[in-house]
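Enquirer: Provided below for reference: sequence and predicted model.
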Amino acid sequence: MKCEKINNYKLTGSIHTLQIKSSDIPEISAELQECISSSTRKNHGKIEAISIINPNKLLGDCYSFTEFEQSFSSILEEVGVIDYSIMRVDLRLDSYDSEHYRLYAKLHKYLLSCLAVTYKVRNVYKTENLFTNQLLSMAIKNEYIQCECYNREEKSKLTENHEEKAKSRLEERTMPKSWRMIASKKFENNMESNIEDMRREFVRSWSDRWQKSIATANIEAVWSKYNGELARIYQEDKAAYPVKFRSLTDFLIQYQDCIFCHRQLVNLLELIGVDNPESRARNHKKRYGIEYFSRSDLKKAVDEIKRATEKFFSE
């Protein structure tokens, strides 16, 4: 990736929504219906409430953890919830540039792929507009964590949300199974409050996840995963009719968003059985301009994710 482009990769962090459970049943006034929704269920014979809260709907977007705490506490106080436990928290990392989602889509695909391979996530997918084939979102999901990158601008148009400022969003989600583990450890060690759990989860745990995901072994595992699938597709479809691609060059251009560096391309060409793959890979880059990423690019992107997260939780 060009130095200027990776240096312009900037994000703003904040909590999007969170889900809690409580024995207190919220009494939600009309004024707070945009901030909190709630349902009840029986758990071991007792009624408990499951509430989804968006503190940004109370007084406006909370761009610091202090603002978030104030809005969150105000909502809980108004609806009469005192004791609660966290079930899910979504941290959004936003850009307000309309070109950001398109410009960094391949970088985000690489980052999500690294997470998926590192944590053996099997539910991995992307969505496209049916008519335009425009990429709308990419996501990895399991019972412990989720991460999704989506075109927030297009989603806002679809939902007619005229207040949303973000154009591109990378969202980290810590799911109920993770929070149960956190709660268990907290009980055993008499650790901090729910609020401090949130800070620790996103500043420390998610930082560790990203750092682990861009370790050399995991990056190479991503190349191997993609190359295995690409080689299979090439062998299965090279003689297909109707024609899916006319040549190896056509194939490489068609699937260029699955090829992240020179070494991966060389390995792919070797798998396919191309003579002199090094030369073929260099020539392809020179003639067709495929975008590559170094490990330094991934590290800079992860550093920006960490910086935006830390900034939110420190203010």
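Expert: Structure's in. What do you need?
Enquirer: all helices for the stretch 201-315 of the chain, in order.
Expert: 206-213, 216-237, 248-254, 262-272, 277-288, 295-314 (DSSP state H, counting those that start in this stretch).
Enquirer: could you pull out the buried residues of the first one?
Expert: Yep, that's helix 206-213 we're talking about. For helix 206-213, the neighbour count (16 or more other CB atoms under 10 Å) marks Trp206, Ser207, Arg209, Trp210, Ser213 as buried. The way it works is simple: take the backbone N, C-alpha and C, and place the C-beta from them, glycine included.
Enquirer: between these, which sits nearest Arg173?
Expert: Using CB to CB, Trp206 comes nearest to Arg173 of the buried residues of helix 206-213, at 10.0 Å.
Enquirer: and the gap between that closest one and Ile6?
Expert: 20 Å (CB to CB, to the nearest Å).
Enquirer: before we move on, what about Pro55?
Expert: Pro55 is 32 Å from Ile6, by CB to CB.
Enquirer: same question, Arg295
Expert: 12 Å.
Enquirer: same drill for those two, tell me which one is more crowded.
Expert: Each of Arg295 and Ile6 has its neighbours counted (other CB atoms under 10 Å); Ile6 has more, 19 against 12.
Enquirer: how about the contacts made by the more buried one?
Expert: The contact partners of Ile6, taken as CB atoms under 8 Å, 6 or more residues apart in numbering, are Asp297, Lys300, Ala301.
Enquirer: now with 7 Å, please.
Expert: Counting by CB atoms under 7 Å, 6 or more residues apart in numbering, Ile6 makes contact with Asp297, Lys300.
Enquirer: tell me the buried residues in the helix or strand where it lies?
Expert: Assigned by DSSP states H and E, Ile6 belongs to helix 3-7. By neighbour count with 16+ other CB under 10 Å, helix 3-7 contains the buried residues Ile6.
Enquirer: work out the gap between the helix-or-strand element of the chain with minimal mean pLDDT and the centre of the chain.
Expert: For the chain, counting by mean pLDDT, DSSP states H and E, helix 176-189 ranks last in confidence among helices and strands (a mean of 76). Distance of helix 176-189 from the chain centroid (CA atoms, centre = their mean, to the nearest Å) equals 23 Å.
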